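Participant: got a structure for you, letters missing:
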C-alpha cells in the first residue's frame, strides 16, 4: 500500500462505503490523511449522491435507529454521547449530519458514521414581556448551498397569558445558528402569518414541526385557518438569504385535504390526504416553478376500516420502479408504481411507532469546523494585535514629536 501513489489510493477509496473507510483510517497515517482530507470527503459525498449509495434510514421513536437502505433488514440503535433516558429527538439531517435535541438548551450536530458530535452554543429564548411564556418550538436543519454553511433554524411561539389558547398574539422569535460562525443570529423580518403557524392537532397529533429540507430551503405547513380565510400554505425559509417565502401550490387539485410536505430524491413534494380515504402525492420537478408540480401516485384505503391516516414518501428503489413509503408512523411499504400494489417491509429491531427519514452517510468532520473557527479566531486575534501595535507606534511617534 505504501508503494502506491496517493492519487491511486484516493481513486480506490472513493468507491468504498463510508463504514469501510472509517475502519481503514486505522491502517496507516497516509490512509488516514487521505480519508480525512476535506477534498476527498467532498468528492466522496458527491459520488454518493450521484450513485445513490451510502443511503440509510433513520427511525425516530423514543430512541434513534439507523437501517441500511440496500438491505432494510435490521434497525441498529444510534449510540451517541448526547443520549438521555427520556429520548433524544432528531430534528433534521443533511449530508450525513443529524441535528439532535434534548431541550431548547441542549442541541447538537452528530455524524453517526464518524461518531463525532458538536454541541451548539446555548441561545436563550427572549420573552416579549414579563407576562408572556414560551410555547411550541419549531426546528429545522440544512445546508446553505451558496456558502457551504450548515444552519439550524429555531422558531419559538409565545402565549400572552394562561387564557391564551391560540398563542397568536405575539410574533415568533426566529433565530438561526451558523456552523461556520458558531453563533446564533436573530431574524427580525418575517411575514405576519408566521404567528399562526402552530395548530395543536396538526403539529402534536399529526406530525412534529420539523422543517423539510429541499433545494436549500426549509419548509413547514401552515394548516388551514378558516377564521382567517386561509387554506393550506407552505412556508419556506431560504437558508441562503435567511428570508421567508410562500411556496406556490398547484392549481388543479382540490383544496379540501390535509396537507403535508416531504422530499423525494431531492425534490419537494406535497402529500394531500382526503379525509383518510385517499392520498395523493405530487412532486415539484423544478423548485419554485408552479407549473412543474407533477402527479406521482394515489393510494386509496383497502377496506372501509383501513384508513390512511399518515403517509410520507422516503426514497425510490434502485430501478426507480418502486417508492418506499412510511405509513401511519407504524410501518414501511414498497409501493410499485406500475402495478399499483404495496408490500410491507419488515425490519428486525424497529420500534413499534416511529417517524422515518432518509439520510446519506458521509465523512464530513465537525472537527474541520472547529479548526476553521480556531483559525478565524487566531486571525482575528492577530489582527487586533497588529492594530494595537500600529496604535502604540503612532502614539509613541506622536509623543516624540511633542518632546
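Facilitator: Now that the structure is in, tell me what you want to look at. The structure presented is a predicted model; accordingly, all values stated were derived computationally and were not measured.
Participant: roughly how far does the nearest residue to residue 265 once chain neighbours are set aside sit from residue 48?
Facilitator: Excluding its sequence neighbours, the residue lying closest to residue 265 (C-beta to C-beta, 6 or more residues apart in numbering) is residue 316, at 5.8 Å. For glycine as for every other residue, the C-beta is placed from the backbone atoms N, C-alpha and C. To residue 48, residue 316 is 15 Å away according to C-beta to C-beta, to the nearest Å.
Participant: the two - which one has more neighbours?
Facilitator: The residue with more neighbours, out of residue 316 and residue 48, is residue 48; 21 against 15, by other C-beta atoms under 10 Å.
Participant: can you report phi and psi for that one?
Facilitator: Main-chain dihedrals, residue 48, degrees, to the nearest 10: phi -60, psi -40.
Participant: quick one: contacts for it?
Facilitator: Applying C-beta atoms under 8 Å, 6 or more residues apart in numbering, we find residue 48 in contact with 18, 54-55, 360-362.
Participant: using JSON lines, lay out those residues together with distance to residue 67.
Facilitator: Listed next are those as JSON lines, based on distance: C-beta to C-beta, whole Å:
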{"residue": "18", "distance to residue 67": "15"}
{"residue": "54", "distance to residue 67": "13"}
{"residue": "55", "distance to residue 67": "10"}
{"residue": "360", "distance to residue 67": "13"}
{"residue": "361", "distance to residue 67": "12"}
{"residue": "362", "distance to residue 67": "17"}
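Participant: which among the residues you listed end up buried?
Facilitator: Buried subset of those (neighbour count, 16 or more other C-beta atoms under 10 Å): 18, 54-55, 360-362.
Participant: got the contact list for stretch 5-23?
Facilitator: So stretch 5-23 is contacted by 1, 24, 30-31, 34-35, 40, 43-44, 47-48, 53-54, 96, 113-114, 361-363 (C-beta under 8 Å, 6+ apart).
Participant: starting at the chain centroid, how far to it?
Facilitator: Put simply, stretch 5-23 sits 27 Å off its chain's centre (C-alpha atoms, centre = their mean, to the nearest Å).
Participant: if we can go back for a sec, show me the buried ones among the contacts of residue 48 that map onto strands.
Facilitator: The strands, defined by DSSP state E, take in 55, 360 from the buried ones among the contacts of residue 48.
Participant: residue 312 against residue 261, yeah?
Facilitator: No - using C-beta atoms under 8 Å, residue 312 is not in contact with residue 261, being 9.5 Å away.
Participant: please identify every residue contacting each of the two.
Facilitator: Residues within reach of residue 312 and of residue 261 at once, by C-beta under 8 Å, 6+ apart, are residue 271.
Participant: the stretch 301-403 of the chain: strands as residue ranges?
Facilitator: 311-316, 322-327, 331-336, 341-345, 355-360 (DSSP state E, counting those that start in this stretch).
Participant: could these go into a markdown table alongside mean pLDDT?
Facilitator: Formatted as a markdown table, the strands of the stretch 301-403 of the chain follow (pLDDT from 0 to 100):
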| stretch | mean pLDDT |
| --- | --- |
| strand 311-316 | 94 |
| strand 322-327 | 94 |
| strand 331-336 | 94 |
| strand 341-345 | 93 |
| strand 355-360 | 93 |
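Participant: as CSV, those with distance to residue 159 would be great.
Facilitator: Output for these, formatted as CSV (distance: least, C-beta to C-beta, whole Å):
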stretch, distance to residue 159
strand 311-316, 30
strand 322-327, 32
strand 331-336, 36
strand 341-345, 42
strand 355-360, 26
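Participant: right, and these - which one's nearest residue 109?
Facilitator: strand 355-360 (12.5 Å; C-beta to C-beta).
Participant: helices or strands next to the closest one in the packing?
Facilitator: helix 38-51, strand 55-60, strand 89-94, strand 311-316 (3 or more C-beta pairs under 8 Å, 6 or more residues apart in numbering; DSSP states H and E).
Participant: these: which one's closest to residue 351?
Facilitator: Set against residue 351 and scored by C-beta to C-beta, these come closest in strand 55-60, at 6.4 Å.
Participant: give me the distance from that closest one to the chain's centre.
Facilitator: Its chain's C-alpha centre and that of strand 55-60 lie 13 Å apart, by C-alpha atoms, centre = their mean.
Participant: now do stretch 150-160
Facilitator: Per C-alpha atoms, centre = their mean, the centroid offset for stretch 150-160 relative to its chain is 15 Å.
Participant: next: stretch 333-351.
Facilitator: 24 Å.
Participant: identify the residues contacting it?
Facilitator: Here stretch 333-351 has contacts from 59, 61-63, 65, 67, 72-77, 297, 299, 317, 321-325, 327, 331-332, using C-beta under 8 Å, 6+ apart.
Participant: before we move on, what about stretch 129-137?
Facilitator: Contacts of stretch 129-137 (C-beta under 8 Å, 6+ apart): 104, 125, 127, 154-161, 167, 170, 198, 203, 209.
Participant: mind listing what's buried along it?
Facilitator: So, applying 16+ other C-beta under 10 Å, buried residues of stretch 129-137: 132, 134, 136-137.
Participant: give me the subset of the residues you listed lying in strands.
Facilitator: 134, 136-137.
Participant: can you give me the buried ones in stretch 74-85?
Facilitator: Result for stretch 74-85 [16+ other C-beta under 10 Å]: buried residues 75, 78, 80, 82.
Participant: dump the ones in strands among the buried residues of stretch 129-137 to TSV, plus distance to residue 355 and pLDDT.
Facilitator: Converted to TSV, those look like this (distance: C-beta to C-beta, whole Å; pLDDT from 0 to 100):
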residue	distance to residue 355	pLDDT
134	24	90
136	17	90
137	17	93
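Participant: in a markdown table, list the residues you listed along with distance to residue 227.
Facilitator: Formatted as a markdown table, these follow (distance: C-beta to C-beta, whole Å):
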| residue | distance to residue 227 |
| --- | --- |
| 134 | 24 |
| 136 | 19 |
| 137 | 24 |
